[in-house]
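Asker: Attaching a predicted model along with its sequence, questions to come.
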Amino acid sequence: MTAFETGTTHPESGPEGALPDQRDWDETRSMGAIVSDISSSLSDLVHQELDLAKAELKVEATTAAKGAGMFGGAGVAGFLTLFFLTFALIYGLGDVMPLGVAALIAGLLWGAAAAALALIGKNRIHEVNPQLPKTAQTLKEDVQWAKAQKN
């Protein structure tokens with residue numbers, strides 16, 4: 001931010017607080033001071049970008065973890081499907097109808113639950129966006145800023 005934007009005056013400004021022209025201001029600063037300012041600004045910028053990337057990755061990792069949890073639920077439901085279908089087969093073969101039919105219905109319900117959880121988990125995994133759009137946008141702005149500082 002320039003002195004004009006902040007409302008402050010340059011140490012070498014005139015009595016009315018007017019800034020000298022840009023050439024005079026640049027000549028009063030040493031090359032070391034300019035390089036130091038740019039280095040400090042770039043360091044701050046890199047730290048800010050890393051903080052933004054960390055925050056975005058945390059959000060994306062949370063979304064991925066929820067999707068993985070749904071797959072875990074689908075695994076449990078799948079196990080129970082096999083258990084009840086096996087149970088239904090045993091009872092179906094051993095006791096011709098009522099008990100086997102009940103176990104088959106329970107197994108089919110668990111199969112439906114497994115399918116539903118797997119679909120939900122798949123959709124959650126597809127929602128993960130590893131491209132970090134906010135970080136990419138601010139990096140583009142940083143490049144533009146650095147080019148402006150160079151000129």
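Answerer: Nice, I can see it.
Asker: How confident was the prediction at the residue nearest to Phe84 when sequence neighbours are not counted?
Answerer: Excluding the flanking residues, the one nearest Phe84 by CB to CB, 6 or more residues apart in numbering is Gly107, at 3.3 Å. For the C-beta atoms, the positions are set from N, CA and C on the backbone; glycine is no exception. pLDDT for Gly107: 74.
Asker: quick one, what contacts Gly107?
Answerer: 81, 83-85, 87-88 (CB atoms under 8 Å, 6 or more residues apart in numbering).
Asker: same thing but 6 Å
Answerer: Residues in contact with Gly107 (CB atoms under 6 Å, 6 or more residues apart in numbering) are 81, 84-85, 88.
Asker: Also Phe87?
Answerer: Listed by CB under 6 Å, 6+ apart, the contact set of Phe87 reads Ala103.
Asker: ok, now how distant is it from Ser30?
Answerer: Separation of Phe87 from Ser30 (CB to CB, to the nearest Å): 84 Å.
Asker: Pick out the residue nearest the middle of the chain.
Answerer: The chain has Glu56 as the residue nearest its centroid, 3.0 Å off, counting by CA atoms, centre = their mean.
Asker: That one against Leu132, yeah?
Answerer: Yes: between Glu56 and Leu132 there is a contact under CB atoms under 6 Å: 4.6 Å.
Asker: Output the below-cut-off pLDDT ranges for the chain.
Answerer: 1-27, 90, 93-98, 100, 106, 151 (pLDDT under 70).
Asker: Helix or strand: which one has the residue nearest to Phe84?
Answerer: Here Gly107, judged by DSSP states H and E, is contained in helix 98-126.
Asker: helix or strand right after that helix?
Answerer: Later in the chain than helix 98-126, the nearest helix or strand by DSSP H and E is helix 133-150.
Asker: Now do the buried residues in that following helix.
Answerer: By 16 or more other CB atoms under 10 Å, the buried positions in helix 133-150 come out as 135, 138, 142.
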